[in-house]
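Participant: Please find the sequence and the predicted model below.
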Amino acid sequence: MKALIAMLCVLFAAAVFADTVSTESGSTANPAVHRYLIERTFAPGVLDGLDAATKAKINATNERYGVHWLMSYANANKTKTYCLYEGPSATAIRDAAKANNISVDSVTEVPVTLLPR
């Protein structure tokens, strides 16, 4: 649990530097774009084949749904990922994942950034 909390803190802090941040009050620069944390589970070895061409294909499919993949973190054995995305809705996030044939365990909107300082 501590590792998950630490990972979430890193995700939120990284969003600040990626210029995709909400203010402390929760408002966003573009209210039509929302930020989401997506949890996924993969079979062992599946992520080993994630190369530049595969990422480009995922990003091209995401564009059709107005979804933007910001970054992902994986556990040590690469069977679990926590991905930060922007998109118009949780439905768009799920639809893009389905079109990409990628699992989705959960989608959580994360509109508020909590900074460590």
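Facilitator: Done, it's in. Source: prediction; values computed, not measured.
Participant: Now the most centrally placed residue in the chain: phi and psi?
Facilitator: Nearest to the geometric centre of the chain sits Leu84, at 2.0 Å (Cα atoms, centre = their mean). Dihedral pair for Leu84: phi -100, psi 120, per degrees, to the nearest 10.
Participant: Just the pLDDT at it, thanks.
Facilitator: Among the per-residue scores, Leu84 holds a pLDDT of 98.
Participant: next one: Ser22
Facilitator: 39.
Participant: can you check Leu11 too?
Facilitator: For Leu11, the predicted pLDDT is 43.
Participant: in the sheet, who's paired with Val107?
Facilitator: Ile38 (DSSP bridges).
Participant: Just list the residues touching it, thanks.
Facilitator: Tyr36, Leu37, Ile38, Ala90, Ile93, Arg94 (Cβ atoms under 8 Å, 6 or more residues apart in numbering). Where C-beta positions appear, they are placed from N, C-alpha and C, glycine not excepted.
Participant: try 6 Å
Facilitator: Counting by Cβ atoms under 6 Å, 6 or more residues apart in numbering, Val107 touches Tyr36, Ile38, Ala90, Ile93.
Participant: Over to Ser103?
Facilitator: If a contact means Cβ under 6 Å, 6+ apart, then Ser103 has Arg40 as its contacts.
Participant: per-residue confidence at it?
Facilitator: According to the prediction, Ser103 has pLDDT 95.
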